[in-house]
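J.: return a 3D structure for these sequence lines:
(chains A and B)
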Amino acid sequence: MTRMTGPIAVIAAPTVSRGKPFVYQRHQPPESPPRVVLSTIPSDAHTWNLLFLHLLLEEQGWEVTNLGACVPVDTLVTESAARPPDLIVVSTVNGHGAEEAPALARAVRAVPALVRVPLVIGGKLDTEGSVDPDAHPALTEAGFDAVLIGPNAVPRLLALLDSLSQRGHGRAYADAVR
Amino acid sequence: MPSADPARGSATPRPGPAHGGAFHRFMADAARSGTLVVQPRMGFADPARMRAGLLATRGAAATTVGTLTLDSFTRVGDYAAAARAAAQGHPLNGYPLVSMPVATTTGLLDGVHGEDFPVQVRHGSARPGRIVEALIGAGLDATEGGPVSYCLPYGRTSLATSVRAWREACRTLAALRVSGVEPHLESFGGCMLGQLCPPSLLIALSVLEGMFFRQHGLRSVSLSYAQQTSAEQDEEAVHALRALAADHLPDTSWHVVVYAYMGVYPETRTGALALVADAARLAVRTGAARLIVKTAAEAARIPSVAENVTALETATNAARSVRRTAPPPSTGVEEEARALVEAVLGLHDDLGQALIRAFARGYLDVPFCLHPDNAGRTRSVISEQGRLEWSRTGSLPLGPTAAVHSSRRLTSSGLMYALQHVKTRYDAPAVSLARAS
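T.: Next up, the predicted model:
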């Protein structure tokens, strides 16, 4: 399975260049931009959420590896372990997240190099449409640092990106994401 | 209003068993009588709930066909995960047809599915072989999808793999004809990511997939078109789809199915139901034979049975208020669609190979589609008039006459604005009403 680092560059070229934020800058850009792996769960085919988040993360100065639709857990783990990122974002809207993502988190946390990488999930995680951020304790127990659902999901993600940028990358983020 | 044309050539098979070709015959009869058939998207893991959903669909005050929507595990071929989740009573987003014992499925269909109420399987799989075998095993004869429409927007399977798998699945399904059952296959080509794909490409893909089905033995097909951003543009598009189908599907019974908006859906009940009502009017005005509805719960979660019934009845009531009309003045949608179809047909006699080559060359290129086999050189924009237009045509064989609307660079907020265009328009009146009261 090849990773899809290119699609947005292809779609958005030449106006979006990866790693060069074109929205106003809130912080001094680091020497090398922080890196995020953007993924979904194996059964989820939706991509508008991934496309939106890809653009949003780039605008915030992050280098994005977008793994595309229906990402097998092995692919996510292999891609992330090869070059541990500063953040892993799992976005899913098909209602299977609560069922499928705990195994994903355990697989990520089972890799020593990924034990402390911030791992967040968001979207529509069950078939009932729960929006309570505390509705899914099983996800945090399995290893997610934050569950971003409901109307505040995107603002919370932006706040998280801010605090990660402020702290620099490669450190523990447990406080930043809660 | 028959857009289905059962009188043509070999469309009507030898008389079959009593329950044979249920979907095909039901649609042919409805098209003859000019009745709009409405259909939900509905799937539950629990067989009892699934049966209750089908019974409620049948009992709705509307002319309906039933749907078994399959779950996402089944769609990607993870039958073990589907079976595990179902056995543990976990909610899935559909019915795990392949993982269920045949007796469970025939049991839930018993006394529900039949000539007066055919049931179609809807899934979303690029490798539908097991699903087709399972639906035949359960006594069903209708499903949907296609080698492009269930591949590019839906995962990581290569287009070549999907073409092979769909060729085999078509042949398996078409083999039912030997026993006197006329199987039916619907192209999902009129959807392609649900939104922001200009109408001409939706039409071309639907027609090409219908031709692919025919090349592999099917003689009863439907072509889809998903409601987009402009009622007038949509009307032109569905008329164009019917014109192309008439030219490219000889000796085949075909009809057009309209999908209520498949993008980001209104959150307000009023807005959601107004959108599905407009979809029903679009279907009737353009002579489409069938409509697949969306519900008031669509924006938030998997809808309930009752919400589906409300949507079916809302659509039926809206359909009663309009009649078939002549096409609006042309803005070139049909010409664009014809140019796309003809360019693809020129690439290879085998339609599967033609489709693979067309995507490799960018003759077909779905805007915003992340699949590796999609060229990704096209882009669309919603114009000031609310129409869906090309802002970048990449290598599409549209010639210099294709109007290309200027585009600004793609940003997350710009994308969100376009994705929410329809939702905002339909939610706004309901929200201001709520504020006023």
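J.: show me where chain A has its strands.
T.: A:35-39, A:63-66, A:87-92, A:119-123, A:146-148 (DSSP state E).
J.: deepest in the core, which of the ones you listed is it.
T.: Comparing the strands of chain A by mean neighbour count (mean count of other Cβ atoms under 10 Å in any protein chain shown), strand A:87-92 ranks first with a mean of 26. (C-beta placed from N, C-alpha, C; glycine too.)
J.: what is it packed up against?
T.: In terms of contacts (3 or more Cβ pairs under 8 Å, 6 or more residues apart in numbering or on different chains; DSSP states H and E), strand A:87-92 is packed against strand A:35-39, helix A:48-59, helix A:97-109, strand A:119-123, helix A:153-167.
J.: could you dump these to CSV with mean pLDDT and distance to chain B?
T.: Formatted as CSV, the helices and strands packed on strand A:87-92 follow (pLDDT from 0 to 100; distance: least, Cβ to the nearest Cβ, whole Å):
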stretch, mean pLDDT, distance to chain B
strand A:35-39, 97, 11
helix A:48-59, 96, 4
helix A:97-109, 96, 6
strand A:119-123, 96, 12
helix A:153-167, 89, 9
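J.: give me the most central residue, chain B.
T.: B:Phe188 (3.9 Å; Cα atoms, centre = their mean).
J.: can you count the residues close to the closest residue to that residue other than its chain neighbours?
T.: In space, and not counting its chain neighbours, B:Phe188 is closest to B:Ser149: 3.8 Å by Cβ to Cβ, 6 or more residues apart in numbering or on different chains. For B:Ser149, the neighbour count with other Cβ atoms under 10 Å in any protein chain shown is 29.
J.: for B:Ser149, helix, strand, or coil?
T.: coil (DSSP: H, G, I helix; E, B strand; the rest coil).
J.: that one touches B:Glu186, doesn't it?
T.: No: judged on Cβ atoms under 8 Å, B:Ser149 makes no contact with B:Glu186 at a distance of 9.9 Å.
J.: OK, contacts around the closest residue to chain A within the stretch 1-150 of chain B?
T.: The minimum distance from the stretch 1-150 of chain B to chain A, using Cβ to the nearest Cβ, falls at B:Ser72 (3.8 Å). By Cβ atoms under 8 Å, 6 or more residues apart in numbering or on different chains, the contact set of B:Ser72 is A:43-45, A:94-96, B:92-94, B:124.
J.: let's see 6 Å
T.: If you count contacts by Cβ atoms under 6 Å, 6 or more residues apart in numbering or on different chains, B:Ser72 has them with A:43, A:94, A:96, B:93.
J.: I figured the second one hits A:Asp44, correct?
T.: Yes: because the distance of 4.4 Å satisfies Cβ atoms under 6 Å, A:Asn94 is recorded as touching A:Asp44.
J.: export only the CA atoms of stretch A:118-133, formatted as PDB.
T.: Extracted in PDB, the C-alpha atoms of stretch A:118-133 (Å, rounded to 0.1, in the frame of the first residue of the first chain):
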ATOM      1  CA  PRO A 118      -0.200  12.400  20.500                       C
ATOM      2  CA  LEU A 119      -3.100  10.400  19.000                       C
ATOM      3  CA  VAL A 120      -6.500  12.000  18.500                       C
ATOM      4  CA  ILE A 121      -9.700  10.900  16.900                       C
ATOM      5  CA  GLY A 122     -12.700  12.800  15.800                       C
ATOM      6  CA  GLY A 123     -15.800  12.900  13.600                       C
ATOM      7  CA  LYS A 124     -19.000  10.900  13.900                       C
ATOM      8  CA  LEU A 125     -17.900   7.900  15.900                       C
ATOM      9  CA  ASP A 126     -21.100   5.900  16.400                       C
ATOM     10  CA  THR A 127     -24.400   5.200  14.700                       C
ATOM     11  CA  GLU A 128     -26.300   7.300  17.300                       C
ATOM     12  CA  GLY A 129     -24.600  10.600  16.600                       C
ATOM     13  CA  SER A 130     -23.200  11.100  20.100                       C
ATOM     14  CA  VAL A 131     -21.700  14.600  20.600                       C
ATOM     15  CA  ASP A 132     -20.700  14.300  24.200                       C
ATOM     16  CA  PRO A 133     -16.900  14.400  24.300                       C
END
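J.: for chain A, give me its nearest residue in the stretch 251-400 of chain B.
T.: For the stretch 251-400 of chain B, Cβ to the nearest Cβ, closest residue to chain A: B:Arg301, 3.1 Å.
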